[in-house]
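Student: let's see this in three dimensions:
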Amino acid sequence: MSRRVARLAPTLLGLTLVANAASACEGLRVERAWLRLPPPGADVAAAYFEAINDGKAPLTITGVASPGFGGGMLHAMALVDGQMRMRPQGDVVLAPGMRFSAAPGGSHVMLWEAASPVIADGDYRLTLTCAEGAPLTVPLPVRREAPPAP
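Tutor: Got it, this is the predicted structure:
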């Protein structure tokens, strides 16, 4: 690699990251993302968020993940034979202006195979994959309880 290209590499990388952030999930805005502090020794955790389509076209959330966990999936709660059961949510399609809420007692992100115990002041992130654009990654603060409603 020439010296000139080597000097430009950080700038080009920065421009690529800015371009990807601008097209991440094409209009998706995520608010109130948080990770529930699991019991000691648990290698699974639940995360929650609100997603709003601020774009002019429908978008589809196709997956979720979090670094430090082996996997993640959107789940929904459903009443089956008189008992609440967790089921895979599947893709979430948001029309322009539509909101999707993953909140305690309803849809949520199930994360499993934590690489290390989840700690209260840990640095966690949630990545949403969409059919449109690049994945969107947001901070995922750890909380014992849901944040107060806005």
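
Student: tell me the spacing between M84 and Y48.
Tutor: Going from M84 to Y48 by CB to CB, to the nearest Å gives 17 Å. Just so you know, the C-beta spots here come from the backbone N, C-alpha and C atoms, and that holds for glycine as well.

Student: got it, and E145?
Tutor: For E145, the distance to Y48 - CB to CB - is 11 Å.

Student: about what we covered before: out of M84 and Y48, which sits in the more crowded spot?
Tutor: Y48 (22 against 9; other CB atoms under 10 Å).

Student: quick check, the more buried one in a helix?
Tutor: No. The assignment for Y48, made by DSSP: H, G, I helix; E, B strand; the rest coil, is strand rather than a helix.

Student: contacts for stretch 137-150, please.
Tutor: 24, 30, 32-37, 47-49, 66, 103-104, 118-122, 124-128 (CB atoms under 8 Å, 6 or more residues apart in numbering).

Student: show me which positions of the top strand by length along the chain end up buried.
Tutor: Using DSSP state E to define each element, the chain has its longest strand at strand 69-80. By neighbour count on 16 or more other CB atoms under 10 Å, the buried set for strand 69-80 is F69, G72, M73, L74, H75.
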